[in-house]
Structures are given as C-alpha cells and as structure tokens.
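Asks: Sharing a model prediction with you, sequence too.
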Amino acid sequence: MYRSFTIRNFRCFQDLTLRPLERVNLIAGMNNLGKTALLEALFLHLGPNNPDLALRLDAFRGIEHLGLNPEEMWGWLFSDKRIDETIELSSLNEANERRLLRIRLVEPEEGGGVAEGRRATAPAKAEGWGTTAGGPRELRLEYQDSSGQTGVSRALITSEGTKVERARLAQLPLGVFLSPRARFPKEDAERFSNLERVGRGGQVLATAQLVEPRLRRLAVLVTSGVPMINGDIGIGVLVPVPLLGEGMGRLLSILLAIASAPGGKVLIDEIENGLHHSVMVDIWKAIGEAARRSETQVFATTHSWECIRGAHKAFAATGTYDFRLHRLERVKGQIQAGTYDREALEGALKAELEVR
Amino acid sequence: MPAPRHITATKLLVVEGRDAEAFFNALLRHLGLAGVQVQSFGGKDELPGFLKALRTPPSFVEQVASLGLVRDAETDPAAAFQSVCSALRNAGLPAPQQPLMRTGERPQISVFILPNATTTGKLETICLQAVASHPAMPCVEEYFRCVRRQTGRLPADMVKAQVHAFLASCPKPDLLLGQAAHAGYLPWDSPAFDHIKGFLCQL
C-alpha cells in the first residue's frame, strides 16, 4: 500500500506530495485544482511500462487525437506544457520502498526502434504525419524501484504511425481507473463472472441492494454477442444494469473493480456521481470492507459534502479509521494538499468548515 | 445544511459556541474593528479537533496573520488556559506562556480566558457585572430570592440564570445573549468589558 505519493511537473502540479495515505483516500478541492489529474498521475505510475495510458487518459476526458502531433498528444501531460522538463511520479510503500517513474518527451535515440526484450505494437494510424516538423517525438517512460528493477518504455512517432515498446517489469500492482464519463460494461461483466466463479458474487449483490432494494439477483447475459450484467428486480425479466440507473451501474463498477484488483489500486473520479446522499454512509462502509478484504487501495475524488461526511461516519464506525481526506488548494500559485485525519475531519465537519 | 464556512479574514477570533460568536461579532462592530472573522469552535471538548481542522489547509499560514482564542474559565482559569495550550500544541501550533501574551509569527496567537484571564467564571459573568447597576437587576435578584423561598432551591448555574432573567426583562424577552448583544441590550461602555476589549484591539 502506498504511504505517500509525489508528483512533479505533471499537468497542473509543480510539486505535490500526498502524505500519509490510507487504505481509502478521498480527494477534495475546488474546481480546476487537479483532482482528476491526481488520479491520472497515479494511473500512469501504476502502468510504468505502458505509454498508451497517456492517450487513454485523454480519451477519458473526451479528447480525441486525430493526427500524430507529439506535442498535442503528450505535451499537456507536462506542467504548463513545458515539454523540456521531466515528469516525476514516485511512491513510497509501508516498507519505505520507492517506485519512481520519469516521463520525458525526447528525440528518439539513434537506431531507435524495437529493442531486445521489449515488444512493439502494430503501427497506429499515420494520418497527420507530415504536419509536424521537428521537435521531440518519443514519449519515454523510465522506471526504477527499490528492488533495483529498471525499465525504459517508449511510444515513438514514425512515418508509419506510433510504435510502442514496453519494458518487461515484474510485480506491478494492478490499477483500475473509473471515469465518470466512460462506462465499460464488458469489463464489469468479466469481473462479475470472475467473482461468481469463486462464489463471491453475493458480496456485490448485498451492496447493490442499497441502491436498488428490489434487486434479487445479478447475472451475466450475452446479448448479440455482448456480455452484460443484468439484474432481477422481480418484473419477470432480467434488466440490463445500465437501464437500472446511473447509480447502480456506477456502484457495481466500483465494487467489481475493488474486488478484481487485489493488492492494487482503484481510482474513482467523482465517486458520488449517480449516488443519493442518503446511502453514502452504507456505500462507504461497503467500499471500506471490500478494499480491506482484497487489500486494495482506493483513491476517489468528490465535490460533495454529503460524500465526505458519509465517508467519515462510515470509517469512524469501524475499529480502524483507515481513511484520509486530502483537500487540494492553490497557495502562492502552487497546488498543495492538506490531509485531514479523523480528529481534524471531525472538527471540520462539526464546525461546518469548508472541506470540499 | 448551511453553507460550509471559509476562513477569509487575516484576523481570526475563535470562541466557544454560536451564541458567543454572535456576542463577539456585536462587540467587534461596536468597537469598529472590521476585518476580524469570528468562528465558533463548539464546546470546549471540541477545541482540539477544531484547531487541527483549522491548521490542516496549507493556506492557513498564508491566510491567518493573527489568531485569538477565547474560552470560559469556569471553575479553574489555569486549567482552562492549559487546556487551550494543549489543543494548540496538538494542532502543531505554538502555545503562549500565559493568557494575553502573544506567541508565534504567522499566525500570532493569543489566548483570553473569560471573564478576565485570572478568575473563575464565563462570558455571562462579565455581562452580569456590566448590567449590575441596571434598574431591572433588583427585580432579578428579588425573583431568585422568591424562587428560593417558594421552592427551596436555586438553579445550578446562577450566573446563567441571572443573565437569562435579565434578558427576559428586556423589550424583546426571548433573545439569547448574542442576539441581545446585537439588539443593544448590553452597556458596552461598562468597565466590565475593558479586559476583553483590550484583547480584541490587540488582535
């Protein structure tokens, strides 16, 4: 489990450290302070040999790259688009072991191409090539950890498209990013099937009933070749989960991601989306239990007072308050984080001080 | 729920309870001291958590230049002061060596223990002293003599009871102390308020 996480020169962050981290971490702050960017930094750090993730993040934000302009594709990863700087994402775990990912936009090395011990993906679309003259065109990911493991991965723009090389790295924790805008029903169906296979589907059902009390059963059905979770609400026919409501689909995605990432991290953007405030305490209890059971670390963002208060109540009711609220603020032009422990959050909520 | 509060002023006065918050806002207005934000920390047991919450945002040091804390002495002014100091240290803030003494640079921190930093009592104690010569006070005293004669007992907290009885004698009889302060029922020119006025002026 990460105990601290540091971001340098990434998106809106110049130098930010979150410390201490807990099993469940809730990120709050006003608009445009980088709550989503913080999750993105964690996501990249969890996939240090996967240059594709940078583009996937843009897709989550609704940005499509039709051309192959490296500065547009990757430049916005860098703070203030200063592409000559190095992004550094580093974590420390409970044993004080460090994992460091450096990301740079560079000129390809001489003879750059597919190196030994790495694999290349098929060239991607080449549309737009030729509109970019000069400039760095390789996104390089340099990883190292306390065990001495290192690896360089890269995405390289060539006249044939994008070539990706991925270093072989062992013992990487699994990371799942849940965006409020993107849904992946097939992934949810697969995760639910995996739980059902080992008799654990009931754990998810009990929590889903908080949002839909009529729910009796969940099952994966294949419709037109597409697997999807359906729910039995007693109307004589199973209903696809997306049709049961936004909250139901959201909650299932969260619980299934946590259960499917043992020892890993689940990153949830705008966790309260679609969930009524009256069920937040019970939902947080369920998230806490699921995270402890699978030893998953959770990072979520929110704008909601009820969500923060619900989390505090839920974790205060457990023996171990394995929860922290991290609030982002801009101080002297830089974004910093204040971390509330149980006593501080209790004090803030009682005095109705702003913590969102 | 009411809108959560932001700390927006550079001078912050934290006091015990919402009624005290209203009282001090009225007194600050009377003194013409603009730019002081008053915030309740709730009850005395909630002060440690409140101060930790206040100190947690990275903007705290940038925002707050002067922090004043006011709480009641109750039966032991020294213990009340030590309790405030302990809460300050728990929040990672410096604690002054004695009441009214300032410590720290940003924020500067000072503590006032009501009624006058050295004796037992509370906010209501100075208010009662301030209205001691009010024409209604003999009636208040006679009322409690009558209560004792008729029932054989008196309220556990006579200071609070006398303040409430005095407030009940005012044109609007159902105001809390802070509301009465805003309504102009307290004689701000009374020497009973001199100590606390001096503290507020030094924030």
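Replies: Sure thing, it's come through. For clarity, every value in this text was computed on a predicted model and none was experimentally measured.
Asks: From now on I want contacts and neighbour counts done on CA atoms only, so please keep to that.
Replies: Fine.
Asks: where along the chain do the helices fall?
Replies: Reading this off chain A. Here chain A has its helices, by DSSP state H, at A:35-46, A:52-60, A:70-74, A:185-197, A:201-211, A:241-244, A:246-259, A:280-293, A:305-316, A:342-350.
Asks: Let me rephrase: I mean chain B.
Replies: Secondary structure of chain B (DSSP H): helices at B:18-31, B:47-55, B:60-63, B:77-90, B:123-130, B:137-151, B:158-168, B:177-183, B:194-201.
Asks: Can you give me the pLDDT of residue A:124?
Replies: We have a pLDDT of 47 for residue A:124.
Asks: Which residues of chain B lie near chain A?
Replies: B:3-6, B:40-42, B:46-54, B:56-59, B:62 (Cα under 8 Å from any Cα of the partner chain).
Asks: Which among the residues you listed count as buried?
Replies: B:40-42, B:46-54, B:56-59 (16 or more other Cα atoms under 10 Å in any protein chain shown).
Asks: For the residue nearest to residue B:102 when sequence neighbours are not counted, grab the count of nearby residues.
Replies: Spatial nearest neighbour of residue B:102, excluding adjacent residues (Cα to Cα, 6 or more residues apart in numbering or on different chains): residue B:110 at 4.7 Å. Applying other Cα atoms under 10 Å in any protein chain shown, we find 26 residues neighbouring residue B:110.
Asks: Quick one: residues contacting the nearest residue to residue A:253 once chain neighbours are set aside.
Replies: With Cα to Cα, 6+ apart as the criterion, residue A:253 has its nearest non-adjacent residue at 6.0 Å, and that residue is residue A:188. By Cα atoms under 8 Å, 6 or more residues apart in numbering or on different chains, the residues touching residue A:188 are A:228, A:229, A:252, A:253, A:256, A:257.
Asks: separation between the nearest residue to the fifth one once chain neighbours are set aside and chain B?
Replies: Same thing as residue A:256. Leaving aside its sequence neighbours, residue A:256 sits nearest to residue A:191 (Cα to Cα, 6+ apart; 6.0 Å). As judged by Cα to the nearest Cα, to the nearest Å, residue A:191 and chain B stand 38 Å apart.
Asks: mind listing what residue A:191 touches?
Replies: Taking Cα under 8 Å, 6+ apart, one finds A:256, A:257, A:260 in contact with residue A:191.
Asks: Neighbour-wise, which one of these leads?
Replies: So for the contacts of residue A:191 (other Cα under 10 Å), the most neighbours sit at residue A:257, 27 neighbours.
Asks: burial of residue A:335, as a residue count?
Replies: Residue A:335: 18 neighbours (other Cα under 10 Å).
Asks: Grab the nearest non-local neighbour of it.
Replies: Nearest one to residue A:335, counting by Cα to Cα, 6+ apart, is residue A:329 at 5.5 Å.
Asks: From what I see, residue A:86 and residue A:9 are in contact.
Replies: Yes: in this structure, residue A:86 is within contact of residue A:9 by Cα atoms under 8 Å, at 6.7 Å.
Asks: Compare these two (neighbour count), which wins?
Replies: Neighbour comparison, residue A:86 and residue A:9: the larger count goes to residue A:9, with 22 against 18 (by other Cα under 10 Å).
Asks: residue contacts, that one?
Replies: A:15, A:78, A:79, A:85, A:86, A:87, A:88.
Asks: Kindly report the same for residue A:64.
Replies: Counting by Cα under 8 Å, 6+ apart, residue A:64 has contacts residue A:58.
Asks: distance of it from residue A:57?
Replies: For residue A:64, the distance to residue A:57 equals 10 Å [Cα to Cα, to the nearest Å].
Asks: Could you list the low-pLDDT ranges of chain A?
Replies: Counting by pLDDT under 70, chain A contains low-confidence ranges at A:66, A:110-135.
Asks: domain ranges for it?
Replies: What automatic domain parsing lists as the domains of chain A is A:48-165, A:175-350.
Asks: With distance to residue B:183 as extra columns, can I get those in a markdown table?
Replies: Putting these into a markdown table (distance: least, Cα to Cα, whole Å) gives the following:
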| stretch | distance to residue B:183 |
| --- | --- |
| domain A:48-165 | 54 |
| domain A:175-350 | 28 |
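Asks: so which of those domains is the most packed in?
Replies: With neighbours defined by mean count of other Cα atoms under 10 Å in any protein chain shown, none of the domains of chain A is more surrounded on average than domain A:175-350, at a mean of 19.
Asks: Could you tell me the end-to-end distance of that one?
Replies: End residues of domain A:175-350 are separated by 35 Å (Cα to Cα).
Asks: can you list the residues of chain A near chain B?
Replies: A:327, A:329-331, A:336-340, A:343-348, A:350-355.
Asks: hang on, the earlier thing: how close does the residue nearest to residue A:253 get to residue A:244?
Replies: Counting by Cα to Cα, the gap from residue A:188 to residue A:244 is 15 Å.
Asks: And residue A:319, by the same measure?
Replies: 34 Å.
Asks: Ok, residue A:56 next?
Replies: 28 Å.
Asks: residues in contact with stretch A:305-322?
Replies: Contacts of stretch A:305-322 (Cα under 8 Å, 6+ apart): A:22-24, A:26, A:272, A:277, A:280-282, A:284-285, A:288, A:302, A:323, A:325, A:342, A:345-346, A:349, A:355-356.
Asks: go with 6 Å
Replies: By Cα atoms under 6 Å, 6 or more residues apart in numbering or on different chains, the surrounding residues in contact with stretch A:305-322 are A:22, A:23, A:277, A:280, A:281, A:284, A:285.
Asks: Report the two of those residues separated the most.
Replies: Across the contacts of stretch A:305-322, no pair lies farther apart than A:22 and A:277, at 23.3 Å, counting by Cα to Cα.
Asks: ok, residue A:270 - contacts?
Replies: Contacts of residue A:270 (Cα under 6 Å, 6+ apart): A:301, A:302.
Asks: Also residue A:324?
Replies: So residue A:324 contacts A:25, A:340, A:341 (Cα under 6 Å, 6+ apart).
Asks: Tell me the bridge partners for it.
Replies: Counting by DSSP bridges, residue A:324 is bridged to residue A:25.
Asks: do the same with residue A:335
Replies: With beta bridges defined as DSSP bridges, residue A:335 has these partners: residue A:330.
Asks: isn't it right next to residue B:57, touching?
Replies: No: using Cα atoms under 6 Å, residue A:335 is not in contact with residue B:57; the gap is 11.4 Å.
Asks: neighbouring contacts of stretch B:94-103?
Replies: By Cα under 6 Å, 6+ apart, the list of residues contacting stretch B:94-103 from outside reads B:85, B:88, B:109, B:110, B:111, B:112.
Asks: One more pass at 8 Å, please.
Replies: With contact meaning Cα under 8 Å, 6+ apart, stretch B:94-103 is reached by B:81, B:85-86, B:88-89, B:104, B:108-113, B:117, B:199.
Asks: Which of these lies at the shortest distance from residue A:295?
Replies: residue B:89 (34.7 Å).
Asks: residues near the closest one, how many?
Replies: Residues lying near residue B:89 (other Cα under 10 Å) number 14.
Asks: check contacts around it.
Replies: residue B:95.
Asks: Show me how chain B divides into domains.
Replies: Taken from automatic domain parsing, chain B resolves into B:11-121+B:191-201, B:123-183.
Asks: For those domains, could you give me TSV that also reports mean pLDDT?
Replies: Shown next, in TSV, are these (pLDDT from 0 to 100):
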stretch	mean pLDDT
domain B:11-121+B:191-201	97
domain B:123-183	97
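Asks: Out of those, which one sits most buried?
Replies: domain B:11-121+B:191-201 (a mean of 20).
Asks: now the end-to-end length of it.
Replies: Termini of domain B:11-121+B:191-201 sit 11 Å apart (Cα to Cα).
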